[in-house]
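Peer 1: generate a structure from the sequence data that follows.
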Amino acid sequence: MIADTACGYSAFSLMPADCSLVTVEYKINILTPARGSLLAKGQVVKAGRTLTVARAEVYSDDGKHVASMQQTLMMLAGRADRPE
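Peer 2: This is a model prediction of the structure:
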């Protein structure tokens, strides 16, 4: 869930304010069990007009790399996330 959020917000940061997004597909590799709190770092790999590819890396408290995710998200233009 934290990797999904990191990918989503990294993609959303490049989109207009009056849109929302939906996940099209994702692949996650869980590398090792995590202990304690988690930190996820998301980044956009490629932003297109409609589809955006993002990547997230998840780390545990001790700095251990515990998961990697790649995700494709689709922009829903003119459909704001917040209620009007």
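
Peer 1: tell me what the strand or helix carrying residue 75 is packed against?
Peer 2: Secondary structure assigned from DSSP states H and E places residue 75 in strand 65-76. For strand 65-76, the contact count by 3 or more Cβ pairs under 8 Å, 6 or more residues apart in numbering; DSSP states H and E identifies helix 2-12, strand 20-30, strand 51-60 as packing neighbours. All C-beta spots, glycine's among them, are computed from the backbone N, C-alpha and C.

Peer 1: how far away is residue 10 from residue 61?
Peer 2: Distance, residue 10 to residue 61, using Cβ to Cβ, to the nearest Å: 22 Å.

Peer 1: what of residue 67?
Peer 2: 14 Å.

Peer 1: ok, the two, which is more surrounded?
Peer 2: Shown here are residue 67 and residue 61; by other Cβ atoms under 10 Å, residue 67 has more neighbours (19 against 11).

Peer 1: how close does that one get to residue 53?
Peer 2: Going from residue 67 to residue 53 by Cβ to Cβ gives 17 Å.

Peer 1: what do you get for residue 38?
Peer 2: 22 Å.

Peer 1: and residue 60, by the same measure?
Peer 2: Per Cβ to Cβ, residue 60 is found 25 Å from residue 53.
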